[in-house]
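> coordinates for the following, if possible.
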Amino acid sequence: MRHRLAWPITATHFVAALLTGTLLGSIVQTQINLAALQQLGVDIPIMQRLTTTLGDLVTFSPVYFALFSVGFVISQIVALWISRRYWNGRHRLGLCTLSAMAALWATFHLVDHFAPMPTLIAATRTATGMAAMVLTAGGAGAVLAWLRGTSRHSAPTASSATIALLMIGAAGMTPASDALAQSEATDYRIETVAERLEHPWSLAFLPDGRMLVTERPGRLRLLNAGGETINPSLEGVPRVFASGQSGLFDVLLSPDFEQDRTLFLAYSCGTQAANHACLSRAVFSDTGLEQVEEIFRAQPAKRGNAHFGGRLASLSDGTLILTLGDGFDYREQAQNTANHIGAIVRLNPDGSVPADNPFVNDDTARPEILSYGHRNVQGLVVDEEDRILMHEHGPKGGDEVNLITPGGNYGWPIATTGLDYTGARVTPFDTYPGTQPPLLEWTPSIAPSGMTRYDGALFPQWQGDLLIGSLVDREVRRVTLSDDATRAEDIEGLFGELDERIRDVRTGPNGAVYLLTDSAEGRVLKVMPAQ
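Prediction:
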């Protein structure tokens, strides 16, 4: 009879402690994230702070509960058993507090090791933030120790521990999202040009019809016009840091390629502990690259393997545009023009700084910067009027299409409609004074990738439209632009029947649309009219 009475009490104590830890953890992580914004000079009124904190309790705390609970329950069962087995119930407070802290610390490190992003919970990016979050677990452990000490039924039974674990097991269950509608398109056909490419990232057409394809592990493949491999890996490609999202990115031909045979490669270089987005130029030959020279390296070095940007384009004056990322864990640095993190840079073909760059006379800023406040720019188009259009990844929502103004601040992470992957708010603000609003944003995220502005003759119905790859939706989004490129509208999804992650989209010299699929067995595809 006593055991029948004990297990509901024990389960109630565990649930009370879990809710305490979840509440404390959610509140603390919100304050840490808001403090990071305040260090940027962002004004956060008290009501905005309260609203954000309450919002995170709705969107973040369920995720955090699932993350926190398993390690907490196991650590507390062990702590209470040790207390009873060896000290007759004494030292319960210290054991429960310290074991809860150790369990959460271990959980954070395990999750960060296996999750695709460097740091799942942004508040733990610094040692101070990690310590604050771990202390909240200690508070939950102390609550459990106190509750157990006030109960006559202080021993956790096997049945009560099992019930506690079952109660938290459902926390990780989330409903599947509905698939976005796919337009029924019957006016094109899709042909396979090349296959068995390892995570192809970018495509460039040589004047004679041959193609260069970058593969993320660090290969530059040469294909003939029919898609057959001439050279699977050209020699002379710079050594890349290839891990996670890092590797070899874009390839861009010089505007005078037929005369100078020059091309440019964007890639990540360095190591896991210290890496950069880099840009090299080289002279192309059929066997490899010659006169390879690194002309730009983003500063400072970052840790991790995410958010490098890596798209290239040329302006009519011959200058180069290179997009960069925020390195994921360094998002506040995207507001700091003293470094290149989260920026778009403009360079001369030799890597020097154009004299008319917006920050060239600002001693506190990097002179290469054209715009800043970006998260991870992986789509880039320069139109016939030299307007720079780009898109960038938001986190959980907040993907953006932007028209670039030299010197413009595009808001990340001060202003975004997206949430962090845990459901936590990155910022209280969708818009903020002094930052540029997007032409278009997607929430939920489509994970935009390569982009082209279609200017071919084969598909007149797409003329002037942006065709944007979507990694999440596994399709291409067609986006229309106003004549002055100040308004954009998402019209439809294309090529969803492929059901493949689209990494790059290019308009071919013959007006066909070329797609790269992102997988270990990636393909080059060609879209032609049905007849």
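> residue contacts, the spatially closest residue to residue 295 that is not a sequence neighbour?
Distances taken as Cβ to Cβ, 6 or more residues apart in numbering place residue 351 nearest to residue 295, at 2.9 Å, with adjacent residues excluded. The C-beta positions use only the backbone N, C-alpha and C, and glycine is treated the same way. Applying Cβ atoms under 8 Å, 6 or more residues apart in numbering to residue 351 gives the contacts 279, 281, 295, 296.
> just checking, the last one touches residue 276?
No: in this structure, residue 296 is not within contact of residue 276 by Cβ atoms under 8 Å, at 9.3 Å.
> and residue 52, how many neighbours?
For residue 52, the neighbour count with other Cβ atoms under 10 Å is 21.
> contacting residues for it?
30, 34, 44, 425, 428.
> assign it to helix, strand or coil.
Put simply, residue 52 is helix when judged by DSSP: H, G, I helix; E, B strand; the rest coil.
> over to residue 276?
At residue 276, secondary structure determined by three-state DSSP is strand.
> and if you look at residue 478?
The three-state label given to residue 478 by three-state DSSP is strand.
> is it correct that residue 30 is in contact with residue 425?
Yes: here residue 30 lies in contact with residue 425, judged by Cβ under 8 Å, at a distance of 7.3 Å.
> okay, and the common contacts of the two?
The contact sets of residue 30 and residue 425 overlap at 52, 56, 60 (Cβ under 8 Å, 6+ apart).
> skipping adjacent residues, who's closest to residue 412 in space?
Computed as Cβ to Cβ, 6+ apart, the closest residue to residue 412 that is not its neighbour in sequence is residue 375, at 4.5 Å.
> same check on residue 477?
residue 468 (4.7 Å).
> and the residue nearest to residue 295, how far from residue 435?
Distance of residue 351 to residue 435, computed by Cβ to Cβ, to the nearest Å: 29 Å.
> swap in residue 135?
Distance, residue 135 to residue 435, using Cβ to Cβ: 34 Å.
> and if you look at residue 245?
The spacing between residue 245 and residue 435, counted by Cβ to Cβ, is 25 Å.
> likewise for residue 373?
Distance from residue 373 to residue 435, by Cβ to Cβ: 6 Å.
> higher neighbour count, those two?
When neighbours are counted by other Cβ under 10 Å, residue 373 and residue 435 differ, and residue 373 comes out ahead with 26 against 17.
> which residues touch that one?
Contacts of residue 373 (Cβ under 8 Å, 6+ apart): 334, 335, 342, 408, 409, 410, 411, 412, 414, 435, 436.
> restricted to buried residues, select the residues you listed in ChimeraX.
Buried subset of those, written as a ChimeraX selection, criterion 16 or more other Cβ atoms under 10 Å:
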select :334,335,342,408,409,410,411,412,414,435,436
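> how about the contacts of residue 373 in CSV, adding distance to residue 517?
Shown next, in CSV, are the contacts of residue 373 (distance: Cβ to Cβ, whole Å):
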residue, distance to residue 517
334, 30
335, 35
342, 28
408, 33
409, 35
410, 29
411, 31
412, 28
414, 35
435, 35
436, 32
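> ok, the contacts of residue 373 vs residue 447, which is closest?
residue 412 (15.8 Å; Cβ to Cβ).
> thinking again about what came up before, of the contacts of residue 52, which is the nearest to residue 70?
After measuring the contacts of residue 52 against residue 70 - Cβ to Cβ - the closest member comes out as residue 30, at 22.7 Å.
> tell me how far the closest one lies from residue 345.
Taking Cβ to Cβ, one finds residue 30 at 33 Å from residue 345.
> cool, and residue 356?
Distance from residue 356 to residue 345, by Cβ to Cβ: 14 Å.
> give me the more crowded residue out of those two.
Taking neighbours as other Cβ under 10 Å, residue 356 and residue 345 compare with residue 345 leading, 24 against 10.
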